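Participant: compute the structure for the input listed below.
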Amino acid sequence: MNKVLSRSLKNILRESFYMAIDAIRQNKLRSSLTLIGISIGVFSVIGVMTAIRTLESSVASGLNVFAANTFVIQKFPAIQIGRRTKNYRNRKNIDFSQYKKLKQKAKLPVLISVNEGQSIRNVKYKDKIVKNYIELFGGDEGSIRMVNTFISEGRNIAPDDVRYARNVCILGMDVVDRLFPFENPLSKKIQLNGLDYHVIGIAERKGEAFGQSQDNYIAIPITNFLQKFSNKWTSLSINVEARSELEYEKTRQEVIGIMRSIRKVSPGDENDFEIVTSDEMIETLSGFTNGIKLFALMVSVIALIVAGIGIMNIMLVSVTERIKEIGIRKAIGATKQDILTQFLMEAVFLSEFGGIAGIIFGIGAGNIVSFVFNIPAVIPMDWAVIGLLVCSIIGIGFGIYPAWKAAQLDPIESLRFE
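Facilitator: Numbers count the residues shown, from 1 in each chain. Next comes the predicted model:
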């Protein structure tokens, strides 16, 4: 019995599919306009979701620049979206003395490091000049580790380099490629703003994030940076690494307490500094993109409702045009359920054809972002499935009345219809 029902259902579905194709072929313009309506609705949501998913994927990898179990103390939030920037500007700068006091007093961190940077141009080596901007940052022996890279050749910045503010530097691979394409840069001298710096190390290549190179930098001792490149607006970033994930929160609370004491923040007042982690930056951006997703979803719902009304209209017209066909089918044994299934499946197939086209074009359009920013493309399978389910719901929701109307037609009256 179950096999007979299954075979019957397959036959009904197959027949409905061919009838839907035939109906679309016979009414090309009308069907195409209906398909376009569905496609636009699905295209809008899939396109936006694909673009956002692509950006989120890149952001998640690009913002994951810190070593494990680390956080950063700085004056400003890492990402500011609709927040009060004036209050942040009025905060005191984080200076080198505060960094040294924190390093002396904190007991739980396994590593406390410091860095600050700015962009410079016209870096020279003999007759070669890099005229484009290069990121120059001051740091200490822990800075390279904190930005998730390692020394590939030479040595790291040493405590004595920081203590005596020596003119030494570590080069990112982009700078090596431009200034030293055919020779080893170690022990060579380069000029930064007319000052000679000895190359003591080369950092490993990191690649790109957000379509931008992460290797276009020069690192020098933080004390040298503060003496020769800082200004009154310079505020340092302090990097802190906990011993383990279990110690992370305890370390964070200890550091916050010590920094509040160092900066003389009164009990009950908010921190006058920010604690930044990769997860918090990702969450901030996710909150921003969620608003875009909601807006895109609302627009898509409106477009899909309009498209659903179009499907109902075309199916009502189809029922009217095929009254005699319905009468003949009933006269040779078709039941109300057969007629209902036929027209309902036609509505669903019509909706699905438009949905599939919308998904294909939406994924293609959304991944334009990946080409623009040179980041990996993303195919949001979950949203593609959701799109197909929504199209099925639209087809059923707006096709049920025309299908029911067709099923209720009297076979005798249908045969007499002209």
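Participant: next one: the residue nearest to Glu247 when sequence neighbours are not counted from Arg243, what distance?
Facilitator: In this structure, Glu247 finds its nearest non-sequential neighbour in Leu108, 6.2 Å apart by CB to CB, 6 or more residues apart in numbering. Any C-beta I mention is one placed from the backbone N, CA and C, and that applies to glycine too. Separation of Leu108 from Arg243 (CB to CB, to the nearest Å): 7 Å.
Participant: name the residues contacting each of these two.
Facilitator: Counting by CB atoms under 8 Å, 6 or more residues apart in numbering, the contacts common to Leu108 and Arg243 are Thr251.
Participant: put the alpha carbons of stretch 232-248 into PDB.
Facilitator: C-alpha atoms of stretch 232-248 as PDB (Å, rounded to 0.1, in the frame of the first residue of the first chain):
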ATOM      1  CA  LYS A 232      51.700  65.300  22.500                       C
ATOM      2  CA  TRP A 233      48.900  63.200  21.200                       C
ATOM      3  CA  THR A 234      50.800  59.900  21.300                       C
ATOM      4  CA  SER A 235      49.100  57.400  23.600                       C
ATOM      5  CA  LEU A 236      50.600  53.900  24.000                       C
ATOM      6  CA  SER A 237      48.900  50.500  23.700                       C
ATOM      7  CA  ILE A 238      49.900  48.000  26.400                       C
ATOM      8  CA  ASN A 239      49.600  44.300  25.500                       C
ATOM      9  CA  VAL A 240      49.000  41.700  28.200                       C
ATOM     10  CA  GLU A 241      49.100  37.900  27.900                       C
ATOM     11  CA  ALA A 242      47.700  35.600  30.600                       C
ATOM     12  CA  ARG A 243      49.300  32.300  31.500                       C
ATOM     13  CA  SER A 244      46.300  30.300  30.300                       C
ATOM     14  CA  GLU A 245      42.700  30.600  29.400                       C
ATOM     15  CA  LEU A 246      41.800  29.700  33.000                       C
ATOM     16  CA  GLU A 247      43.900  32.500  34.300                       C
ATOM     17  CA  TYR A 248      42.600  35.000  31.700                       C
END
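Participant: mind listing what's buried in the helix or strand containing Val45?
Facilitator: In this assignment (DSSP states H and E), Val45 forms part of helix 28-62. For helix 28-62, the neighbour count (16 or more other CB atoms under 10 Å) marks 30-31, 34-55, 58-59, 62 as buried.
Participant: give me the pLDDT value at Gln42.
Facilitator: Residue 42: Val, not Gln. Note on Val42: pLDDT of 80.
Participant: doesn't Glu352 make contact with it?
Facilitator: No: using CB atoms under 8 Å, Val42 is not in contact with Glu352, being 10.1 Å away.
Participant: I'd like the next helix or strand past the longest helix seen in the chain.
Facilitator: In terms of residue count, the longest helix belonging to the chain (DSSP state H) is helix 278-321. Once helix 278-321 ends, the next helix or strand along the chain (criterion: DSSP H and E) is helix 323-331.
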